[in-house]
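Novice: Structure here, sequence nowhere to be found:
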C-alpha cells in the first residue's frame, strides 16, 4: 500500500443506496410511531421498532462502507480503520483494536488538512475502544428496552376514525411497496461489490411482510377485532426480539473480514430467503435437515387434500354463522331475508338459526344504561373534568340561539335511558338513537327559546332537568321508541367558548358598572345626610344666635329705658352715680389713694414724683 495514498479515495457506488435506505427507514420509523400513538395501534408501534432496528443496522453498514472506501494515510492507520469499522458494530480484542486506533489518531494528528469533524470522530472511537463499548450490544439493548417498555405500557386499541384508518393503511401499503422495490434492487447486486446486499435483501423482504401485517392490523382495529390485532402485535414483537438476539449472537468476524457488516441473522435466513415467506421457511428447513421437503409423501398428501380441506373449512365457517351467542344484558332480534320474525326476542344464551345471509341476528342491549350526549359530540379528554366553561369539553360543541336571536348558549348535557322494548327500538324508527338525540335537543330549545342568556343560566337546574326529562319521555312515547328516560343531566349552560373573552369583558364591564353605582349610592348615603345635618345644625345655631341677640338687645333696651327714667328723675345723682361706677370699674385691681378736696382747701400740697 502506498504510504502517502490520497485521502479522497474512490467512493463506494452503493453508499448512496445505503443513505437512501437509512433516510427511508428513519422517516418510516417516525411515521409509524406517530401513527401508532394517534391510532393507539400496538402493531404499528411494533413496526416502528422494526424500522428503527433497520435504521440502526444501515447506520452500521454506512460506517463499514466508509472504512472500505476511505483508507487512512498510512499502513498503520489503514489497519486501525479496519479495526474501527469492525469495532463499530462487533466485538474485538484490545490488541486488535486499541493500539491501531491510537496509531490512526497519531497519524491523522500529523495531517494539517484533516477535517475537524473527522478528527473528533476518531477521538470518539478511541474513547469507545478505551471503555470497550460494543455498539452491536448497545443497539440490541436499546431496542430490547423499547420492546419491554411497549409491552409494559400497552394501550387498549380503540376504533379510530375512518380517515385515519385510510391514511395509516395507505402509508403501510406505500412502505411495503418501497420495501419490495428495495428487495428486488438489492437482489440483483453483485455481493462482491456490496457484501451486505444479500442480508439487506432478506431484511427488506421481512420488513415488507411486517408492513403488510401492520396494514392488516389497522383494518382489523377499525373492524373492532382487537384480539387478532394483539396477536399480530406479538408476532411483530417476536420478530424484533429475534433481530436483537441476532445482533448479539452474530459470530465474530475474522481479522481479514472486518470490513464486512455481518447480517447472518437466523430470522432473515428463515423468512427472507425468498419473496414467498412459506417457501423461504421450507428452504431453511431443507438446509437444516438436508432433505427436500417438497418431494416427501406428506406434502404430496397435503397437495391432494388441500382443495377438499379448504372447501370443508369454508363450509364449516359459513355454517358457524348460524350460531349466535346473546349476552346476559341483551336480547336478539332475528331477521329472515330482511323480514323481522314474530315472537319473543332471543333470550341470553346460545341460539341456532339460519346461516348468513338468510338469517341475521341484531343484539339489543336491554339491561344496560345508555346515554345520549346533548350539546357536543366526541369523547371528552381523559382525567379530571375541567369545570371552567371557557374551555371546550369535547371536540364538537353546538351553539343554540335564545330569545330575541341576539343571545347564544352552549349546553353540556346527557340523557340516560334504558331500552324496554327491543322490537320497538329496532323497527319503529329507522335510527332510534338519532331520533332520541333530536328529541333531547328539542326539549332544550323549548326550555330556553324564550329566555335571555342571563335568565337561562340562572334557572333552577333541578326543576329544569325534571321538566326536560318529562318532555323527552313524552315525545319518545309518542314516537314509540320503547325507551325509559332515567335522567336528563345538565352539566352546564354557558355562553359559547369562542366568545368567552368578549363575554368575560362584557360581564366585567357590567360588574364594574354595578360596582360604580353601588359606590356612588354609598357616597350619596354618606354625603347627603351629613350635608342635611350641617344645614339643620347651622339653621338651629343661627336661630339660637338670633334669639340670644334679640334677648340681649331687649335686655339692653330695657336697661337703657331704666337708666333714662333714672336720669329724668334726678340728673345730678345719675351722673354722680355713673361717674362712681366708671371709676370703680377702671380702678378695680389697681392701687390708688383718695384725697378729699378739703385737703387742698386747708393748705395741703400734693407733689408727684417719677
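Specialist: Thanks, I have the structure now. None of the values given here were measured: they were computed from a predicted structure.

Novice: Buried residues, stretch 19-37. List them.
Specialist: Using 16 or more other Cβ atoms under 10 Å as the test for burial, stretch 19-37 gives 21, 22, 24, 25, 26, 28, 29, 31, 32, 33, 35, 36. From N, CA and C alone the C-beta is placed, and that goes for glycine too.

Novice: Just give the closest residue to the first one, not the sequence neighbours.
Specialist: Translated: residue 21. residue 58 (5.4 Å; Cβ to Cβ, 6 or more residues apart in numbering).

Novice: what residues are up against the one you found?
Specialist: Contacts here follow Cβ atoms under 8 Å, 6 or more residues apart in numbering; on that basis residue 58 touches 18, 21, 22, 25.

Novice: switch the cut-off to 10 Å
Specialist: Shown in contact with residue 58 (Cβ atoms under 10 Å, 6 or more residues apart in numbering): 17-26, 196, 200, 203, 261.

Novice: Pick the one among those residues closest to residue 277.
Specialist: Distance to residue 277 across the contacts of residue 58 (Cβ to Cβ) is lowest for residue 203, with 13.3 Å.

Novice: Let me know whether the closest one touches residue 273 as I believe.
Specialist: No - in this structure residue 203 lies outside contact range of residue 273 using Cβ atoms under 10 Å: 11.8 Å.

Novice: Name the residues contacting each of those two.
Specialist: Residues touching both residue 203 and residue 273 (Cβ under 10 Å, 6+ apart): none.

Novice: Tell me which of these two has more neighbours.
Specialist: Neighbours were tallied for residue 203 and for residue 273 using other Cβ atoms under 10 Å; the higher tally belongs to residue 203 (28 against 20).

Novice: which residues touch that one?
Specialist: 21, 50, 53-54, 57-58, 179, 182-183, 186, 196, 243, 263, 265, 267-268, 271-272.

Novice: Tell me how far residue 323 lies from residue 311.
Specialist: According to Cβ to Cβ, to the nearest Å, residue 323 and residue 311 sit 20 Å apart.

Novice: Which parts of this structure are strands?
Specialist: With DSSP state E, the ranges of strands along the chain come out as 323-326, 330-336, 339-340, 349-352, 359-365, 370-374, 376-377, 396-397, 400-402, 407-419, 483-494.

Novice: Mind putting those strands into CSV with mean pLDDT, mean neighbour count and distance to residue 515?
Specialist: Formatted as CSV, the strands of the chain follow (pLDDT from 0 to 100; neighbours: other Cβ atoms under 10 Å; distance: least, Cβ to Cβ, whole Å):
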stretch, mean pLDDT, mean neighbour count, distance to residue 515
strand 323-326, 86, 15, 65
strand 330-336, 88, 18, 60
strand 339-340, 86, 10, 66
strand 349-352, 87, 11, 69
strand 359-365, 87, 18, 54
strand 370-374, 83, 18, 36
strand 376-377, 62, 15, 35
strand 396-397, 56, 14, 32
strand 400-402, 54, 17, 27
strand 407-419, 78, 20, 24
strand 483-494, 79, 19, 23
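
Novice: any chance of these in CSV, with distance to residue 594 too?
Specialist: Shown next, in CSV, are the strands of the chain (distance: least, Cβ to Cβ, whole Å):
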stretch, distance to residue 594
strand 323-326, 144
strand 330-336, 139
strand 339-340, 148
strand 349-352, 147
strand 359-365, 134
strand 370-374, 118
strand 376-377, 118
strand 396-397, 115
strand 400-402, 108
strand 407-419, 106
strand 483-494, 106
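
Novice: Between those, which one is closest to residue 558.
Specialist: strand 407-419 (82.7 Å).

Novice: Tell me what angle that closest one forms with strand 330-336.
Specialist: Counting by axes from the mean of the first three to the mean of the last three Cα atoms, to 10 degrees, strand 407-419 lies at 80 degrees to strand 330-336.

Novice: How far does strand 407-419 sit from its chain's centre?
Specialist: 25 Å (Cα atoms, centre = their mean, to the nearest Å).
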